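Quick one, structure for this:
(3 chains)
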Amino acid sequence: MDRKMFYDEVYQVVQLIPRGRVTSYGAIAAYLGTKSSSRMVGYAMNAAHTASPPVPAHRVVNRNGLLTGKHHFGTSDEMMQLLIDEGVQVKDDQVLDFKTLFWDPAIELAL
DNA sequence: GAGGTGACTGCGA
DNA sequence: CTCGCAGCCACCT
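Numbers count the residues shown, from 1 in each chain, chains lettered A, B, ... in the order given. Coordinates of the predicted model:
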């Protein structure tokens, strides 16, 4: 169903996020046309670890640049560590220069 | 079938 | 500026 495609779309977009960049759930939701259902994006991420190709969910944060989903990783530090490893500065579970590192699919993909 | 929860966001006080 | 409430939709019990 479309619902299933929605998950696939989310995975695709997340996988398209360049290394060292981050985006928000709302941005993905808006790109998919389900901006009103930003929660669904987060829920899709919940199943991201079950997806065939690994999804860099650590590159997806809330609109504040806060690592709200870090707890869903193996360890809370895992998400922050992954971001730092990619060159993204993270402090107190928050992405620094978020607006600068922000990657908006609606603009970058600009279809 | 019905109720509760949640990796969100926006607006109002 | 910070805090609280409502809307949204899929998944779980």
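
ok, A:Gly20 - contacts?
Listed by Cβ atoms under 8 Å, 6 or more residues apart in numbering, the contact partners of A:Gly20 are A:Glu86, A:Gly87, A:Val88, A:Leu101. (Each C-beta comes from the backbone N, C-alpha and C, glycine too.)

buried subset of those residues?
The neighbour-count criterion (16 or more other Cβ atoms under 10 Å) marks A:Glu86, A:Val88, A:Leu101 among the contacts of A:Gly20 as buried.

Out of the residues you listed, list just those in helices.
A:Leu101 (DSSP state H).

Distance to A:Val95 and pLDDT added to the buried ones among the contacts of A:Gly20, as a markdown table?
Conversion of those to a markdown table gives the following (distance: Cβ to Cβ, whole Å; pLDDT from 0 to 100):
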| residue | distance to A:Val95 | pLDDT |
| --- | --- | --- |
| A:Glu86 | 11 | 97 |
| A:Val88 | 6 | 96 |
| A:Leu101 | 6 | 95 |
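
Using JSON lines, lay out the buried ones among the contacts of A:Gly20 together with distance to A:Met5.
Compiled in JSON lines, the buried ones among the contacts of A:Gly20 are given as follows (distance: Cβ to Cβ, whole Å):
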{"residue": "A:Glu86", "distance to A:Met5": "28"}
{"residue": "A:Val88", "distance to A:Met5": "29"}
{"residue": "A:Leu101", "distance to A:Met5": "28"}
